[in-house]
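*Asks:* Return atomic coordinates for the entry below.
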Amino acid sequence: MSKNTWNSFFIACFEDLSLTLSGSNLHMFTFEELKYSTRNFSTSNFIGSGGFGPVYKGSIEEGVRPGLKAQQVAVKYLDSEGPQGHREWLAEVVFLGQLRHPNLVKLIGYCYEDEHRMLVYEYMARGSLENHLFKMLHASLPWSTRLKIAVGAAKGLAFLHETDKPVIYRDFKASNILLDSDYTAKLSDFGLAKDGPQGDDTHVTTRVMGTQGYAAPEYILTGHLTTKSDVYSFGVVLVELLTGRRCVDRTRRRREKNLIEWARPCLKKPDKLYRIMDPNLDLQYPTKGAQKVALVAYNCLSQSPKSRPNMRDIVEALEPLLELSDSSFGDPFVYKVMVEEKKEDNSSNNKEKMEMEIETPVKGEHQCYHYRHKKKYPNSAIHAETILHRSSCANALCHHRERGA
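*Replies:* Numbers count the residues shown, from 1 in each chain. The predicted structure follows:
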């Protein structure tokens, strides 16, 4: 493209973009302003990289734009040689320029200067869900945080699907779920988003794009895209949250490489769910809550798009589970405790014995056995006989025998 042709193309696109974004409150930044805010795109400000290009942390000073307060931002710089291009950059600007929701990352502005294409977002202090689940850069996420993230992401998708002109996200995955300082989930990267079907149309036909392992099977086979395609992808992320595993992991054994194929048989069976739960949770989750999340995931992953729930139903199913604590809700152990009061002279005649029963939640190392035991013997309880010897010098646990009764 000659320089004159390029300039004409640039002016036409810019005028069209300005018209589209009128009233969007987006700020247009110059290349020099963003270069300054990121310290010349220094490696110390580098956050990460994706299909769009590198992302840098930046600082916007007070007064750079009227009404724009000083704040930290994330600047995404389009890689001209990467898999995404001007079309994806434009889609991101248009969608996020027009849509506002607490569970969508906020687009503050953009740069559209010569060959430079950049996007300026609010800074998400906790990074992506992918980093927390799979890269071990942080402590393992507790159950309550995982569920909060799932609910927030579900609300973001539900909003997109329920707008006047429905939007199909098309690239829902752990790396596109960003977390603020309070672990509020926000959807990012709208480069592959598409307007949903209009009128009597039931789907949008498009070239298959997205990330392996997350895309719905009917979309892969036919290119037919619906909101239920996003629902399938949401189900995949739910299973990742339950298991702590990637949807595709070639480092695992053959039958475990594909997460959904491996986990699906356990999602609908309460007595088998523990087999796939993330060991990093250390069994600190409400059993019934985990089972309900697994059932939602199972329904999302239905091979038939019509059988999948819509995102609003998913929000309504998951949100009440936030009220449950992280503790395991197993049946209690019943401890029979014999306390012997020993006197100073250690005489066998100077002992007082007292028997009591103590209930305590099932400990993690016994929980799975306890579930199977109760299923086989529903009218039984697990008892433990414990004899405690108490003296004026010390309290010591002498022995602990566990048996089924």
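*Asks:* What distance do you get for the residue nearest to residue 70 when sequence neighbours are not counted to residue 155?
*Replies:* Nearest residue to residue 70, sequence neighbours excluded (Cβ to Cβ, 6 or more residues apart in numbering): residue 62, at 4.1 Å. Quick note: C-beta positions are derived from backbone N, CA and C, even for glycine. Distance, residue 62 to residue 155, by Cβ to Cβ, to the nearest Å: 32 Å.
*Asks:* Between these two, point out the one with more neighbours.
*Replies:* Remark: of residue 62 and residue 155, residue 155 carries more neighbours, 22 against 9, as counted by other Cβ atoms under 10 Å.
*Asks:* Low-confidence regions, this protein specifically.
*Replies:* For the chain, the stretches flagged by pLDDT under 70 are 1-24, 82-83, 137, 197-206, 325-405.
*Asks:* Make sure residue 299 is actually in contact with residue 305.
*Replies:* No: the pair residue 299 and residue 305 fails to qualify as a contact (Cβ atoms under 8 Å) at a distance of 11.8 Å.
*Asks:* for this structure, what's the longest helix?
*Replies:* Within the chain, and with DSSP state H defining each element, the longest helix by residue count is helix 143-162.
*Asks:* After that one, which helix or strand is next?
*Replies:* Later in the chain than helix 143-162, the nearest helix or strand by DSSP states H and E is strand 167-168.
*Asks:* Which secondary structure state does the residue nearest to residue 70 sit in?
*Replies:* coil (DSSP: H, G, I helix; E, B strand; the rest coil).
*Asks:* Please apply the same query to residue 112.
*Replies:* Relying on three-state DSSP, one would call residue 112 strand.
*Asks:* So what sits opposite it in the bridge?
*Replies:* Beta bridges link residue 112 to residue 117, judged by DSSP bridges.
*Asks:* That one: neighbouring residues, count only.
*Replies:* Close neighbours of residue 112, defined as other Cβ under 10 Å, add up to 20.
*Asks:* Likewise for residue 54?
*Replies:* Residues near residue 54, counting by other Cβ under 10 Å, number 18.
*Asks:* Now do the contacts for it.
*Replies:* Counting by Cβ atoms under 8 Å, 6 or more residues apart in numbering, residue 54 touches 41, 46, 48, 76, 77, 79.
*Asks:* what separates stretch 170-177 from the chain centre, distance-wise?
*Replies:* In terms of Cα atoms, centre = their mean, to the nearest Å, the centre of stretch 170-177 is found 9 Å from the chain centre.
*Asks:* same thing with stretch 110-125?
*Replies:* Relative to the chain's own centre, stretch 110-125 is displaced by 25 Å; criterion: Cα atoms, centre = their mean.
*Asks:* ok, now stretch 32-44?
*Replies:* Relative to the chain's own centre, stretch 32-44 is displaced by 30 Å; criterion: Cα atoms, centre = their mean.
*Asks:* Not counting its own residues, what contacts that stretch?
*Replies:* Stretch 32-44 is contacted by residues 45, 54, 56-61, 64, 73, 75, 77, 111, 118, 120 when judged by Cβ under 8 Å, 6+ apart.
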